[in-house]
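Colleague: Give me a 3D structure for the following:
(4 chains)
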Protein chains: 4
Amino acid sequence: MSAFPVREPFATRWNDNDQYGHLNNTVYYAAMDTAVNAFMMREGGLQPGGDGPIALCAASSCEFHASAAFPELLEVGIGIERLGTTSVIWALGILRPGEDQPIATGRFVHVFVDAATRRPTPVTPSVRSAIESRLLI
Amino acid sequence: MSAFPVREPFATRWNDNDQYGHLNNTVYYAAMDTAVNAFMMREGGLQPGGDGPIALCAASSCEFHASAAFPELLEVGIGIERLGTTSVIWALGILRPGEDQPIATGRFVHVFVDAATRRPTPVTPSVRSAIESRLLI
Amino acid sequence: MSAFPVREPFATRWNDNDQYGHLNNTVYYAAMDTAVNAFMMREGGLQPGGDGPIALCAASSCEFHASAAFPELLEVGIGIERLGTTSVIWALGILRPGEDQPIATGRFVHVFVDAATRRPTPVTPSVRSAIESRLLI
Amino acid sequence: MSAFPVREPFATRWNDNDQYGHLNNTVYYAAMDTAVNAFMMREGGLQPGGDGPIALCAASSCEFHASAAFPELLEVGIGIERLGTTSVIWALGILRPGEDQPIATGRFVHVFVDAATRRPTPVTPSVRSAIESRLLI
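Modeller: Numbers count the residues shown, from 1 in each chain, chains lettered A, B, ... in the order given. Predicted coordinates:
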């Protein structure tokens, strides 16, 4: 079974290429952040602008195995390393379409917090359910 | 006939939304820059990392009519205001898929220059041909 | 008298340079946006996260006269083209420290709106006062 | 002795704040990337646009301890975890001016490669010397 049950598209942009002519390393983090939030919003009903809990990044990391460049279309593979009470550790990969070997592998630790107090709060039931049904299979 | 004979997809990202919860104005310029370069590379054989002419932005502008936000998928409509000897003025629109009314309208003036000397040089024949066949119809 | 009574520092970043080895055009807009908001927050008491009016960009433009690149430190010169009832038109320049000739000249049209309804509302008295005392001299 | 013998300024920008009203996590990576490259260029003679070796990011990580927001001025503390033959592991911190406790701690693994072939090559003598004299003290 694939390490990434869900793959989200990630389109590169002209200004993602830095002066070395390839995607700057920060772009991979933007890709992972975008994919995970898109998944939580679409599948898990996360509403970033509402009063409900929000997910903040407590830690992240990435290993870069191969480079890519605009105008390539990439994908972010989404998996789960750990689903906790108030946190989620996402296991992520940046992939070329049709390939299984990531060009970069990363990790995001999201902590759910109350939007107003920014204190930890349980992962919302709908995000938990989306993770269980789509990613922990 | 549409003002935009070609429409390029533009996917928004989590960090495109600024603290007002909508796409920051700079994102519209990244969208236009990306669309025009994608068009020139794919249809006109522009090679940004090569020895041939490159297209530099000499002026740009944008009027914002309505806001948009991640995770919306947008499109950039591409048209031509003027095709000159060494320059191209692009007439651009940011649109929602399926809509004809842009949420933003913009303009990019590209000047073709020699990659090494950065002196003006004629629009390459293949970019000119792509513009004539795809956009000036 | 200078066209820019106030100059705000703008530090470039590694990933501001695009693959042509100079600041991507979108960076100039980020610079202008940053400078104007910093001025309004520091001098005019604007509170972007509060309940008061916020300033949205309705139009912007820039002409690029010379290029710049990381790690240069730049400045944004701030002037006023028009101070209206609910809008401000900023006349802006990107400058090298100690120089009077901008490497780029731009323009931002800000419309003040209610944070909740996003309907136009008068420029706040404190922002108006800051503009009058610091920029319309 | 401080973990960070050198501190580079890092100015935040309006569009660094994401819709949660604080610096997006990708901005911390842009800060670390900028600081390390500024140090290597200024102190170690690195020339990103030349024919000499360049430093590519092979891995990076960050832990976020406290949030920050535009218009704060921040600093990046630079230290060394390991100086190898062809690689450097930077130990980095994002700090508020005058404070010793980082709001975020990170790590960048840079591998030096030949600009043309992108094959590993020794850390340049001048970068090595800058690291030894300024950071390994």
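Colleague: what secondary structure does A:Phe39 sit in?
Modeller: helix (DSSP: H, G, I helix; E, B strand; the rest coil).
Colleague: which residues does it contact?
Modeller: Contacts were defined as CB atoms under 8 Å, 6 or more residues apart in numbering or on different chains; by that measure A:Phe39 touches A:Val6, A:Glu8, A:Ile78, A:Ala130, A:Arg134. Every C-beta, even on glycine, is put in place using the N, C-alpha and C of the backbone.
Colleague: want to throw those residues into TSV with neighbour count, distance to chain B and pLDDT?
Modeller: Shown next, in TSV, are those (neighbours: other CB atoms under 10 Å in any protein chain shown; distance: CB to the nearest CB, whole Å; pLDDT from 0 to 100):
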residue	neighbour count	distance to chain B	pLDDT
A:Val6	18	15	98
A:Glu8	22	10	98
A:Ile78	25	14	98
A:Ala130	19	15	98
A:Arg134	15	17	97
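Colleague: would you turn those into TSV with secondary structure?
Modeller: TSV is the format used below for those (three-state DSSP):
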residue	secondary structure
A:Val6	strand
A:Glu8	strand
A:Ile78	strand
A:Ala130	helix
A:Arg134	helix
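Colleague: Closest to A:Thr105 out of the residues you listed?
Modeller: Taking CB to CB as the measure, A:Thr105 lies nearest A:Ile78 of the contacts of A:Phe39, at 12.1 Å.
Colleague: wait, that closest one sits on A:Arg7?
Modeller: Yes. Counting by CB atoms under 8 Å, A:Ile78 does reach A:Arg7; the two are 7.2 Å apart.
Colleague: Strands of chain A, residue ranges please.
Modeller: Assigned by DSSP state E, chain A shows strands spanning A:6-11, A:54-64, A:73-83, A:87-95, A:104-113.
Colleague: Please convert those strands to CSV, extending it with distance to D:Leu46.
Modeller: Listed next are the strands of chain A as CSV, based on distance: least, CB to CB, whole Å:
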stretch, distance to D:Leu46
strand A:6-11, 30
strand A:54-64, 19
strand A:73-83, 28
strand A:87-95, 26
strand A:104-113, 24
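Colleague: can you tell me which of those comes nearest to D:Gly44?
Modeller: Nearest to D:Gly44, of all the strands of chain A, is strand A:54-64, at 21.9 Å by CB to CB.
Colleague: show me what contacts A:Cys79?
Modeller: Not Cys; residue A:79 is Gly. Going by CB under 8 Å, 6+ apart, A:Gly79 touches A:Ala3, A:Phe4, A:Pro5, A:Trp90, A:Ala91, A:Leu92, A:Gly93, A:Leu135.
Colleague: Tell me which two in the residues you listed are the farthest apart.
Modeller: Taking CB to CB, no two of those sit farther apart than A:Gly93 and A:Leu135, at 13.0 Å.
Colleague: neighbour-wise, which of those two wins?
Modeller: The neighbour comparison of A:Gly93 against A:Leu135 (other CB atoms under 10 Å in any protein chain shown) goes to A:Gly93, with 25 against 19.
Colleague: Relative to B:Leu23, how far out is that one?
Modeller: Computed as CB to CB, to the nearest Å, the A:Gly93 to B:Leu23 distance reads 27 Å.
Colleague: residue in chain A nearest to chain D?
Modeller: Nearest residue of chain A to chain D, counting by CB to the nearest CB: A:Ser61, 3.5 Å away.
Colleague: Specify the beta-bridge partners of that residue.
Modeller: Beta-bridge partners recorded for A:Ser61 (DSSP bridges): A:Arg107, D:Ser61.
Colleague: just checking, it touches D:Phe64?
Modeller: No. Look at A:Ser61 against D:Phe64 with CB under 8 Å: they stay out of range, at 11.9 Å.
Colleague: Of the two, which one has the most company?
Modeller: D:Phe64 (23 against 18).
Colleague: residues contacting that one?
Modeller: For D:Phe64, the contact set (CB under 8 Å, 6+ apart) comprises A:Leu56, A:Cys57, A:Ala58, A:Ala59, D:Asn25, D:Tyr28, D:Ile103, D:Ala104.
Colleague: which of those residues lies closest to chain C?
Modeller: Lowest distance from chain C to the contacts of D:Phe64 (CB to the nearest CB) belongs to D:Tyr28, with 12.1 Å.
Colleague: Just the pLDDT at that closest one, thanks.
Modeller: D:Tyr28 is assigned 98 on the pLDDT scale.
Colleague: Look through chain A and report the residue furthest from the middle.
Modeller: Going by CA atoms, centre = their mean, the residue of chain A most distant from its centre is A:Gln19, 25.7 Å out.
Colleague: Next one: that one relative to chain C, how far apart?
Modeller: 4 Å (CB to the nearest CB, to the nearest Å).
Colleague: doesn't C:Asn17 make contact with that residue?
Modeller: Yes. With contact defined as CB under 8 Å, A:Gln19 reaches C:Asn17; the gap is 4.3 Å.
Colleague: Need the residues touching each of these two.
Modeller: Shared contacts of A:Gln19 and C:Asn17 (CB under 8 Å, 6+ apart): D:Pro48.
Colleague: Check the contact between A:Tyr20 and D:Ala55; I expect there is one.
Modeller: No. In this structure, A:Tyr20 is not within contact of D:Ala55 by CB under 8 Å, at 9.6 Å.
Colleague: neighbour-wise, which of these two wins?
Modeller: D:Ala55 (24 against 20).
Colleague: ok, the closest residue to that one other than its chain neighbours - contacts?
Modeller: Spatial nearest neighbour of D:Ala55, excluding adjacent residues (CB to CB, 6 or more residues apart in numbering or on different chains): D:His110 at 4.1 Å. D:His110 makes contact with D:Val36, D:Ala55, D:Leu56, D:Cys57, D:Ala58, D:Ser87, D:Val88, D:Ile89, D:Trp90, according to CB under 8 Å, 6+ apart.
Colleague: From chain C, how far out is D:His110?
Modeller: From D:His110 across to chain C, the span is 12 Å (CB to the nearest CB).
Colleague: now A:Ala66
Modeller: Noted for A:Ala66: a distance of 18 Å to chain C, by CB to the nearest CB.
Colleague: ok, that residue to A:Ala31 distance?
Modeller: Distance of A:Ala66 to A:Ala31, given as CB to CB: 14 Å.
Colleague: and the closest residue to A:Asp18 other than its chain neighbours, what is it in contact with?
Modeller: Nearest non-adjacent residue to A:Asp18, counting by CB to CB, 6+ apart: A:Asn24, 4.0 Å away. With contact taken as CB under 8 Å, 6+ apart, A:Asn24 is in contact with A:Asp16, A:Asn17, A:Asp18, C:Trp14, C:Asn15, D:Asp33.
Colleague: Give me the more crowded residue out of A:Ala66 and A:Ala31.
Modeller: Per other CB under 10 Å, whichever of A:Ala66 and A:Ala31 has more neighbours is A:Ala31, with 29 against 11.
Colleague: and the more buried one, what is it in contact with?
Modeller: With contact set as CB under 8 Å, 6+ apart, A:Ala31 has these partners: A:Phe10, A:Leu74, A:Val76, A:Ile94, B:Arg13.
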